[in-house]
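*Asks:* What follows is a predicted structure for the sequence shown.
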Protein chains: 2
Amino acid sequence: MTDALKSTRSLNVTEALRELLLQGEFDPGTRLQETWLAERMQVSRTPIREALRVLAKDGLLEYAPNKGYSVRRFSLEDIVSAFRVRSVLEGLGCRLIAERGLSEALRATLQSTLQSGENLLQSGQLERGEFDEWREMNKAFHLAILLETHNELLVRFAKQSRNIPIVFNGSFRWYSLREFQRAHDHHQVIFDAMNNQQAERADFMMQEHVMHAAHILKKNYKD
Amino acid sequence: MTDALKSTRSLNVTEALRELLLQGEFDPGTRLQETWLAERMQVSRTPIREALRVLAKDGLLEYAPNKGYSVRRFSLEDIVSAFRVRSVLEGLGCRLIAERGLSEALRATLQSTLQSGENLLQSGQLERGEFDEWREMNKAFHLAILLETHNELLVRFAKQSRNIPIVFNGSFRWYSLREFQRAHDHHQVIFDAMNNQQAERADFMMQEHVMHAAHILKKNYKD
DNA sequence: CCCCGGCAAATTGTATACAATCTTTTCCTT
DNA sequence: AAGGAAAAGATTGTATACAATTTGCCGGGG
C-alpha cells in the first residue's frame, strides 16, 4: 500500500496552523512570532518558518521582510471578490464537463450527492446544528465536477479561493430551509445541464449558485 | 520614501530560481539537491529550502517528503489548460471593468498601449528579434485591466497562471506579422467593448484573445 | 542469476547557534 | 520637557550541527 501518511513536522505544522487560521483562532492583525508559535507547537523555529511562508503565499498571512508575519484581515469586499473568482472557475469546470459529456462515473457520483441532498431536505433536520452532512455532500458535489475536468490549475485555484476564514466551513449557519432547498435546486439544474451537454447553461447556473452563496453571506456578515 | 528594495537572501534566491525555471534552465524531471543549489547560489541550505517550498507551491517544482524536489514537466495539455483558466480570469476582469465603466486613468493607460502597438506594427520591425517592446506593451495592457478590478485574488491567479516555462515570455517567437495584427485588433475590440460598457462582449473577446494565443502555441509546440 | 538483508553513503528534516535587523528604552542635549 | 542619538533587548535571517530517512552498494543465500 502507498505510504501517503508519511509526513514531516513542517507539513504537519503548516496544516495545523492553516486550520487554526481558517477557524478564526487568531484575530486579524495579530502578529505571529516564530518563537511563540514554536513553543506552542512543540517544534523548533525551522518548521514554523516554512509553514509561515507557505501560508503567506496562500494569502492567509501578511509578511514583511525582517518584520515577520501577521494574520490577514479579510474585508467583506475581499470575500465577495473571492466568490466572484470562484464562480467563474467552477463555472468553467461545468462548461468543460458539459462540452465533453458526463462520464458514467461522474454521473453516478453526482446522482448520489443529489440523493443525499434530497434525503437531508426530507428529514427536515437542517434547521439545527448538524450541517456537517450537508457540508460533506456539498463539497463532494463541487469537488467531483472540478476533478473530472482534469485541469490541475483549475482545481488548485478553486480550492485556494475557499481558503478564507469565514468562507471555509461554508456559511450554512445563515441558511434557512428555503435556502437549502434553493441550493439543492441549483445542484439539480447544474447536473441536468451537464447531463444534456448544455455548456452555457451549466456554466451560468454554477456562477449563479456560487454568487447566491456570496449574496447570503453578504446579507448576514457583520464586520 | 518606501524601502521596498529591502529584501532577504531567501526572497532573492526564490526569485532567482524562479527565473531559471521559467527560462527552462533545468530539464523537466531534474532533481534539485539542496546542497548543490546552496553551493551554486552561494548561500546556506536554509534560504534554499524556503525557496524550494514556495516554488513547489507555485507548481514549478514537485515535492515528496524526505525525497526532495524535482523540476516539473508541463505537457502541452497542462499548458493549454492553464490558458483556458487564464482566459476566464482575464475575461472576468474585462467584464468587471466594463460593468462599472472605464476610469479616466485606465482609459489613458490602455490608449497609450494601443498606440504603442500601432507604432510597432507600422515600423514593421516585428519580424526580427525585438519582441521585447511588444512583450512590454502586451503585459502593460493585460495588467492594467487586472489591477483596475481591485480584485486581489483575480490578479494573483491570473499572474500565477502564467508561471509556466514556455508561456512566460509570451510565445511571440511563433508570431507572424499577421498574428501581431490580429492580437492588436483583439486589444482594440476589447478596449472598445469596455469603453462602451459591453461587459459580455469584453469578456468574450478577451477569452477569444487568450485562447487564440493558446492555439498558436499548440500549433508550434513540439514536445 | 536473482533476491534481499544490511551496512555505508548521501540526502533531507530539525534543532540550535550566531548574525543582522528592528524595536524599545535610556539618557543626554537643547 | 521635547527631541533624538545610542545602547540594550527582542525578533527575524542565516549558517551549521545533528537526527532521521532514503539510496546505493555489497555479499550471502536460495
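*Replies:* Arrived safely, thanks for sending.

*Asks:* Helices along chain A, start to end?
*Replies:* In chain A, the segments counted as helices under DSSP state H are A:9-22, A:34-41, A:45-57, A:76-100, A:104-123, A:132-148, A:152-160, A:165-168, A:177-195, A:199-220.

*Asks:* which non-adjacent residue is nearest the residue of chain A found nearest DNA strand D?
*Replies:* Nearest residue of chain A to DNA strand D (C-beta to the nearest atom of the strand) works out as residue A:68 at 3.1 Å. Yep, even glycine has a C-beta here, placed from its N, CA and C like the rest. The shortest distance from residue A:68 to any non-neighbouring residue, by C-beta to C-beta, 6 or more residues apart in numbering or on different chains, is to residue A:31 (6.1 Å).

*Asks:* Show the contacting residues for the one you found.
*Replies:* Contact partners of residue A:31, counting by C-beta atoms under 8 Å, 6 or more residues apart in numbering or on different chains, are A:68, A:69, A:70.

*Asks:* Can you give me the pLDDT of residue A:125?
*Replies:* Here the pLDDT value assigned to residue A:125 is 64.

*Asks:* neighbours around residue A:55, how many?
*Replies:* Applying other C-beta atoms under 10 Å in any protein chain shown, we find 23 residues neighbouring residue A:55.

*Asks:* Need the nearest residue in space to it, chain neighbours excluded.
*Replies:* That would be residue A:61: by C-beta to C-beta, 6+ apart, it lies 4.9 Å from residue A:55.

*Asks:* count of residues packed around that neighbour?
*Replies:* With other C-beta under 10 Å as criterion, residue A:61 counts 23.

*Asks:* From residue A:76, how far out is it?
*Replies:* Note on residue A:61: its distance to residue A:76, by C-beta to C-beta, to the nearest Å, is 20 Å.

*Asks:* Could you dump the helices of chain A into CSV with distance to DNA strand C added?
*Replies:* Compiled in CSV, those are given as follows (distance: least, C-beta to the nearest atom of the strand, whole Å):
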stretch, distance to DNA strand C
helix A:9-22, 3
helix A:34-41, 7
helix A:45-57, 4
helix A:76-100, 25
helix A:104-123, 34
helix A:132-148, 26
helix A:152-160, 21
helix A:165-168, 25
helix A:177-195, 40
helix A:199-220, 35
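
*Asks:* weakest of those helices in terms of mean pLDDT?
*Replies:* helix A:165-168 (a mean of 80).

*Asks:* okay, how far is it across stretch A:19-31, tip to tip?
*Replies:* 17 Å (C-alpha to C-alpha, to the nearest Å).

*Asks:* That one near DNA strand D at all?
*Replies:* Yes - counting by C-beta under 7 Å from any atom of the strand, DNA strand D has neighbours in stretch A:19-31: residue A:31.

*Asks:* Could you give the separation of that stretch from the chain centroid?
*Replies:* In terms of C-alpha atoms, centre = their mean, to the nearest Å, the centre of stretch A:19-31 is found 17 Å from the chain centre.

*Asks:* give me the number of residues near the nearest residue to residue A:12 once chain neighbours are set aside?
*Replies:* Of all residues not flanking residue A:12 in the chain, residue A:47 sits nearest, at 8.0 Å (C-beta to C-beta, 6+ apart). Residue A:47 is flanked by 19 other residues according to other C-beta under 10 Å.

*Asks:* Now do the contacts for residue A:47.
*Replies:* Counting by C-beta under 8 Å, 6+ apart, residue A:47 touches A:8, A:9, A:10, A:12, A:13, A:41.

*Asks:* Show me just the buried residues among those residues.
*Replies:* A:9, A:10, A:13, A:41 (16 or more other C-beta atoms under 10 Å in any protein chain shown).

*Asks:* coming back round to it: let me have the contacts of residue A:47 in a markdown table, extended by distance to DNA strand D.
*Replies:* As requested, the contacts of residue A:47 are exported to a markdown table (distance: C-beta to the nearest atom of the strand, whole Å):
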| residue | distance to DNA strand D |
| --- | --- |
| A:8 | 8 |
| A:9 | 10 |
| A:10 | 13 |
| A:12 | 13 |
| A:13 | 15 |
| A:41 | 14 |
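
*Asks:* quick one: buried residues of stretch A:147-158?
*Replies:* Those would be A:148, A:149, A:151, A:153, A:154, A:155, A:156, A:157, A:158, for stretch A:147-158 by 16+ other C-beta under 10 Å.
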